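Enquirer: sequence first, then the predicted structure, then my questions.
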Amino acid sequence: MQQRCASSAKNLCRKTLQTRAPVRPMMGPPLCDIFINHRGIDTKRTIAGLLHDHLFRLGLRPFLDSMSMKPGDKLFGKIDPSIRRCKLGVAIFSPNYCDSYFCLHELALLMESKKRVIPIFCDVKPSQLRVVDFGTHSAEQLQRFGWALEEAKYAVGLTFDTLEGDWSGFLNTATDAVIKNLVELEAENSSKKTTYIVQDL
């Protein structure tokens, strides 16, 4: 499976690199292939960090705040454009996920931007995820976050138990899911471009 993932990723990267326009240094945040939405205290040193490294080594461009940002960067100034320009989102849900405004904001922006999102339920069940009003969110924010969470919870995703799960096997499965979705998105985009060309003719 790992060899198949690596081969698929290399073929995908070769194809996407051929179609990428050169990006000048001052044009803003670089494009990323995958935006990893996660709760740092739960998963940064485990699933989120390992998945980022796994995808990066395969030649893809994952965005993970601790790896893709430097001291001095403004959070929303770097994160929001990266979400809007990414190809795919991976939302890693964990026990403390819904306690974070940033997690919920990123998820909502992914959904509002109509990005395809792969949910990963890490040590938590979908039914356990809910937006709690601590008195810090406005009614509009609560509605926005709740809608995004429901959209993500009912998408087909992956589950993982960090205590009993097979880490290596899961990383390969998650990577395979990411690559398959990127391949599908590339095919859809190519089909749309072909349709536009035919219509123009």
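Expert: Thanks, I have the structure now.
Enquirer: give me the most central residue, this structure.
Expert: residue 89 (2.4 Å; Cα atoms, centre = their mean).
Enquirer: buried set for the helix or strand harbouring residue 182?
Expert: Assessed by DSSP states H and E, residue 182 sits inside helix 167-200. Residues of helix 167-200 classed as buried: 170-179, 181-183 (neighbour count, 16 or more other Cβ atoms under 10 Å). All C-beta spots, glycine's among them, are computed from the backbone N, C-alpha and C.
Enquirer: quick one: the strands in this protein?
Expert: For the chain, the strands defined by DSSP state E occupy 34-37, 62-63, 88-93, 116-122, 158-160.
Enquirer: using TSV, please lay out those together with distance to residue 188 and mean pLDDT.
Expert: Listed next are those as TSV, based on distance: least, Cβ to Cβ, whole Å; pLDDT from 0 to 100:
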stretch	distance to residue 188	mean pLDDT
strand 34-37	16	96
strand 62-63	21	92
strand 88-93	12	97
strand 116-122	10	97
strand 158-160	22	97
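Enquirer: rewinding a little: the residue nearest to the centre of the chain against residue 115, yeah?
Expert: Yes. Counting by Cβ atoms under 8 Å, residue 89 touches residue 115, with 4.8 Å between them.
Enquirer: okay, and the common contacts of those two?
Expert: Listed as contacting both residue 89 and residue 115 by Cβ atoms under 8 Å, 6 or more residues apart in numbering are 35, 83.
Enquirer: quick revisit: save the strands of the chain as JSON lines, and put in distance to residue 48 too.
Expert: Formatted as JSON lines, the strands of the chain follow (distance: least, Cβ to Cβ, whole Å):
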{"stretch": "strand 34-37", "distance to residue 48": "5"}
{"stretch": "strand 62-63", "distance to residue 48": "10"}
{"stretch": "strand 88-93", "distance to residue 48": "6"}
{"stretch": "strand 116-122", "distance to residue 48": "9"}
{"stretch": "strand 158-160", "distance to residue 48": "12"}
